[in-house]
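Asker: Structure of the sequence below:
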Amino acid sequence: MISLPLIVYLIINTFDLDQFSIFGITIPRMKANRYEEISTIFSGNLFENCVDNLLSLIRLVLLQKDEAPWNALPVSGMFYSVSIVFFIIGIYASRKRYSKNIYNNIMGIWMISSIVVAAFCIININRINIIVIPCVYYVILGIYEIFQKYKMMIPCIIIIYVVMFIMFVYDYWGQDFNEYFTFTSGVKEVVEYCEASNEKYVYCYYSFKEPFIYFMFYSEADVNEYLNTVTYFKDDGIFDNVKSFGRYKFYFPEKIGEDMIVIVPEGSTFDGAESCLKKININQFDIYEF
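Answerer: Numbers count the residues shown, from 1 in each chain. Now for the predicted structure:
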């Protein structure tokens, strides 16, 4: 029952059927199928792609990281790099000693299901995060096996994980995620400043991912105004990257004019900046008023 709406959604969008509503739930017909982009089920080289995906899965589990540093820090990985040893020991023990344990078998089914899912999608951590829980289970099982056989190793393993945790905390809190295009912070104060101004146009340089989302959220934009004024960079794109709505424009203006606010990353320079009437800095943004 939980998965039925998703199944119907896939049927409608795969076979280009019309959307419909049932019991107040709308099953939409989307203009593009995102799942076809990240899945190999609909590809022409299904077998070859599945093999590539499984090899990527093995590499992901062994290295515990992908190309996105926000998914897993390089030093720590998903569950600390040293854990891969215990992971392998845990898998061996689960088949050798705990094959009749129902909970162990549930984790085995979970792991196999994760591998099957991984075979049909382009791998990264967030797309295959279903595998994390069985991986952690096998790591714990491996540590338990070591504790059972070599009790003198207990202090060493504890020290190793304490050190790894300290390294993780240092690395995690030492990251400035504003350096990544995908995320940013401090936009709330920028939007509040713009909302309090009387300038006719607000131009925000597209220096972070989907800036329009932040401006819509923090300004509590009127839905009707948004629908009546929204424009897109591409009318047929998979993602609706908004170019403008209302007074907000998410690109750099071709010509600097009056009644205009221009928002750029802190320290950026551009032609015409010297003619601004006022310049302030809010978080990692420079705001120019003309």
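Asker: any idea which helix or strand comes after the helix or strand containing residue 86?
Answerer: Using DSSP states H and E, residue 86 maps to helix 83-96. Per DSSP H and E, the first helix or strand lying C-terminal to helix 83-96 is helix 102-119.
Asker: Where does pLDDT dip in the protein?
Answerer: 36-37, 42-44, 180-181, 237-238 (pLDDT under 70).
Asker: The stretch 101-250 of the chain: helices as residue ranges?
Answerer: 102-119, 132-149, 154-173, 187-196, 211-219, 223-229 (DSSP state H, counting those that start in this stretch).
Asker: Among those helices, which comes closest to residue 282?
Answerer: helix 187-196 (5.0 Å; CB to CB). Just so you know, the C-beta spots here come from the backbone N, C-alpha and C atoms, and that holds for glycine as well.
Asker: And the most far-flung residue of the chain relative to its centre, how far from residue 146?
Answerer: Using CA atoms, centre = their mean, the residue of the chain lying farthest from its centre is residue 152. It sits 41.3 Å away. To residue 146, residue 152 is 10 Å away according to CB to CB, to the nearest Å.
Asker: swap in residue 31?
Answerer: 54 Å.
Asker: if we can go back for a sec, for the helix holding residue 86, which helices and strands make contact with it?
Answerer: Packing partners of helix 83-96 (3 or more CB pairs under 8 Å, 6 or more residues apart in numbering; DSSP states H and E): helix 46-63, helix 102-119, helix 132-149.
Asker: now with 6 Å?
Answerer: Applying 3 or more CB pairs under 6 Å, 6 or more residues apart in numbering; DSSP states H and E, one finds that helix 83-96 makes contact with helix 132-149.
Asker: Now the helix it packs on - C-alpha only, CSV.
Answerer: What follows is helix 132-149, C-alpha atoms only, in CSV (Å, rounded to 0.1, in the frame of the first residue of the first chain):
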residue,chain,number,x,y,z
VAL,A,132,24.4,1.6,4.8
ILE,A,133,22.4,-0.2,7.5
PRO,A,134,23.4,-3.8,6.5
CYS,A,135,27.0,-2.6,6.1
VAL,A,136,27.0,-1.1,9.6
TYR,A,137,25.5,-4.4,10.9
TYR,A,138,28.3,-6.5,9.3
VAL,A,139,30.9,-4.1,10.8
ILE,A,140,29.4,-4.5,14.2
LEU,A,141,29.3,-8.3,13.8
GLY,A,142,32.9,-8.3,12.7
ILE,A,143,33.9,-6.3,15.8
TYR,A,144,31.9,-8.6,18.0
GLU,A,145,33.7,-11.6,16.5
ILE,A,146,37.1,-10.0,17.3
PHE,A,147,36.0,-9.2,20.8
GLN,A,148,34.9,-12.8,21.3
LYS,A,149,38.2,-14.4,20.0
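Asker: List the contacts of that helix.
Answerer: By CB atoms under 6 Å, 6 or more residues apart in numbering, the residues outside helix 132-149 that reach it are 79, 83, 86-87, 89-91, 93-94, 107, 110-111, 153-154.
Asker: Now restrict the residues you listed to buried residues only.
Answerer: With neighbours counted by 16 or more other CB atoms under 10 Å, these contain buried members at 79, 83, 86, 87, 89, 90, 91, 93, 94, 107, 110, 111.
Asker: So which of those residues is the closest to residue 170?
Answerer: Closest approach to residue 170 among the buried ones among the contacts of helix 132-149 (CB to CB): residue 79, at 17.5 Å.
Asker: wait, what's in contact with that closest one?
Answerer: By CB under 6 Å, 6+ apart, residue 79 lies in contact with 136, 139.
Asker: in the sheet, who's paired with residue 287?
Answerer: With DSSP bridges applied, residue 287 shows beta-bridge pairing to residue 263, residue 280.
Asker: For it, the count of nearby residues, please.
Answerer: 21 (other CB atoms under 10 Å).
Asker: Likewise for residue 203?
Answerer: Other residues close to residue 203 by other CB under 10 Å number 21.
Asker: quick one, what contacts it?
Answerer: Contacts of residue 203 by CB under 6 Å, 6+ apart are 249, 253, 262.
Asker: Would you mind naming the residues that bridge with it?
Answerer: The partner residues for residue 203, given DSSP bridges, come to residue 249, residue 262.
Asker: mind checking how far it is from residue 251?
Answerer: Residue 203 is 7 Å from residue 251, by CB to CB.
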